[in-house]
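Asks: Mind folding the following:
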Amino acid sequence: MALKISVGGRSDIGLVRSGNEDSLRIDPDSNLFLVCDGMGGHQAGEVASKEACEIISYCFTGLASEIMQDPDLHLDVPFSERGALLVKAIRLANRSIYLRSRSRSDLAGMGTTVVALAVDDNFVNIAHVGDSRAYRLLSTGLVPLTTDHSWVAELKQSGQFSETEAEKIIGRNVITRALGVNERVEIDFRSEPLSPGEIYLLCTDGLCGYVNDDDIFAAVKDCRGDVNGIVENLIQLANDRGGQDNVTVVAVRIDDLNEKVSGEKVAPVTVSIENEGALLRENQVLESLISMNQKTGEIPGVEPKRKSSYLFIIFIIFILLAVAIIYLVSKK
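Replies: Below is the predicted model of the structure:
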């Protein structure tokens, strides 16, 4: 029996925001599913979240062999090939966003969360940075599969505040980890065996930041596994609660699995930041993508280097001077 997956997903602007800084990617051919929530003024958040989706996806479709075989990008962790690819792809996305934000003043400070799910034979690999979440939906309730990288989550975990007290703190939405903010990034990862009929949810904090897990479960428990119905119900729930933020939801249902495939569960772990060799190699990979995109313009998520505008300015000045000279001569 072959692996079979059903998926639904949608992003909604909400009822308050003037733009949508969320992005999602559904790639059934690669069994890759992503949700990102961007941040930054002047639509920079939208740029960051879109670039994260594009770069990570392209790593699976166009760069997998190259980055998996590169010794400089080797991970000293016992991940499956697909799990390792997911982590390396997120690192490249972080590096790309970071470098781009530093090259343009209008994109300075941009960043994005990411929560990603990649199916590997009969295992699910989940990686995340920020406060976008992943859940497993059971008949009895939701099982959280990620822990927010946020100030309020850290306060709860420290035991200094109760959940109710932490939720009332000003600045509780401040995240402590995001793609593109620093040149290196720590990534939380886990891998677990799949079972037929399981449903996984990915969402931005436009949903989970305004409703609790019990409310989310109540909104979808009667959907009977309808992934599109689950998505629509949750987006409607977020908007019913005020729609104060963009909201993005992806629902993935595991219909059938491959024949028995061996593999090992990876307990939740934080993958440490890259060393200098890996960072240098990431720069080289991104440079090659930029160069290729300058020639073809076909690599998504990679902005060709901007050509200097000095020649254009000089050309305009020359034209203006020529026009002025012609005008003066004609007056004599």
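Asks: For Pro144, give me its contacts.
Replies: Arg133, Ala134, Tyr135, Asp213 (Cβ atoms under 8 Å, 6 or more residues apart in numbering). (Each C-beta comes from the backbone N, C-alpha and C, glycine too.)
Asks: Just the buried subset of those residues, written out for ChimeraX, thanks.
Replies: Buried residues among the contacts of Pro144 (16 or more other Cβ atoms under 10 Å), as a ChimeraX selection:
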select :133,134,135
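Asks: For the contacts of Pro144, which two are the farthest from each other?
Replies: Within those, Ala134 and Asp213 form the most distant pair, 12.4 Å apart (Cβ to Cβ).
Asks: element containing the closest residue in space to Glu198 that isn't next to it in sequence?
Replies: Nearest in space to Glu198, with sequence neighbours left out and distances taken as Cβ to Cβ, 6 or more residues apart in numbering, is Ile254 at 4.7 Å. Assigned by DSSP states H and E, Ile254 falls within strand 247-256.
Asks: In the stretch 101-250 of the chain, what residue spans correspond to strands?
Replies: Along the stretch 101-250 of the chain, counting by DSSP state E, counting those that start in this stretch, strands occupy 111-112, 114-120, 123-129, 133-138, 141-144, 187-193, 199-203, 247-256.
Asks: Show residues contacting the shortest one.
Replies: For strand 111-112, the surrounding residues in contact (Cβ under 8 Å, 6+ apart) are 23, 36-40, 45, 48-49, 51-52, 97, 101, 130, 178-181.
Asks: thinking again about what came up before, correct me if wrong: the residue nearest to Glu198 contacts Glu192.
Replies: No: counting by Cβ atoms under 8 Å, Ile254 stays clear of Glu192, with 11.4 Å between them.
Asks: Need the residues touching each of these two.
Replies: Joint contacts of Ile254 and Glu192 (Cβ under 8 Å, 6+ apart) are Val124.
Asks: burial of the nearest residue to Arg95 once chain neighbours are set aside, as a residue count?
Replies: In space, and not counting its chain neighbours, Arg95 is closest to Glu282: 4.6 Å by Cβ to Cβ, 6+ apart. By other Cβ atoms under 10 Å, 24 other residues sit near Glu282.
Asks: packing partners for the helix or strand Glu282 falls within?
Replies: Per DSSP H and E, Glu282 falls inside helix 276-296. Helix 276-296 sits against helix 81-103, with contacts defined as 3 or more Cβ pairs under 8 Å, 6 or more residues apart in numbering; DSSP states H and E.
Asks: quick one: the helix it packs on to strand 114-120, angle?
Replies: For helix 81-103 against strand 114-120, the angle by axes from the mean of the first three to the mean of the last three Cα atoms, to 10 degrees is 150 degrees.
Asks: thinking again about what came up before, look up the pLDDT of the residue nearest to Arg95 for me, please.
Replies: The confidence metric pLDDT takes the value 97 at Glu282.
Asks: dump the residue contacts of it.
Replies: With Cβ under 8 Å, 6+ apart, Glu282 has these contacts: Leu73, Arg91, Leu92, Arg95, Glu274.
Asks: And Arg17, by the same measure?
Replies: Gln244, Asp245, Asn246.
Asks: Find the nearest non-adjacent residue to the last one, please.
Replies: Looking back up the chat, that one is Asn246. Per Cβ to Cβ, 6+ apart, closest to Asn246 is Asp22, 4.4 Å.
Asks: The one you found: how many residues sit nearby?
Replies: Asp22: 31 neighbours (other Cβ under 10 Å).
Asks: swap in Pro78?
Replies: Pro78 has 11 nearby residues by other Cβ under 10 Å.
Asks: does it count as helix, strand or coil?
Replies: coil (DSSP: H, G, I helix; E, B strand; the rest coil).
Asks: quick one: it and Val266 touch, right?
Replies: Yes: applying Cβ under 8 Å, one finds Pro78 in contact with Val266, separated by 7.1 Å.
Asks: quick one on the thing from earlier: tell me how far the residue nearest to Glu198 lies from Leu142.
Replies: 16 Å (Cβ to Cβ, to the nearest Å).
Asks: picking that back up, so which of the strands of the stretch 101-250 of the chain is nearest Cys59?
Replies: When the strands of the stretch 101-250 of the chain are compared (using Cβ to Cβ), the closest one is strand 114-120, at 10.6 Å.
Asks: Starting from that closest one, tell me which strands it pairs with and how they run.
Replies: strand 32-39 (antiparallel), strand 123-129 (antiparallel) (DSSP bridges).
Asks: Under the pLDDT cut-off, which ranges of the chain? List them.
Replies: Along the chain, the model assigns pLDDT under 70 to residues 1, 158-173, 261-262, 297-332.
Asks: Just give me the residue closest to the centre of it.
Replies: Geometric centre of the chain, nearest residue: Val114, 3.1 Å, by Cα atoms, centre = their mean.
Asks: give the contact list for it.
Replies: Residues near Val114 by Cβ under 8 Å, 6+ apart: 34-36, 52, 56, 90, 93, 127-130, 132, 179.
Asks: returning to what we had before: quick check: which helices or strands does the strand holding Ile254 pack against?
Replies: By 3+ Cβ pairs under 8 Å, 6+ apart, strand 247-256 packs against strand 4-12, strand 22-27, strand 32-39, strand 114-120, strand 199-203, helix 205-208, helix 227-240.
Asks: Cool, thanks, talk later.
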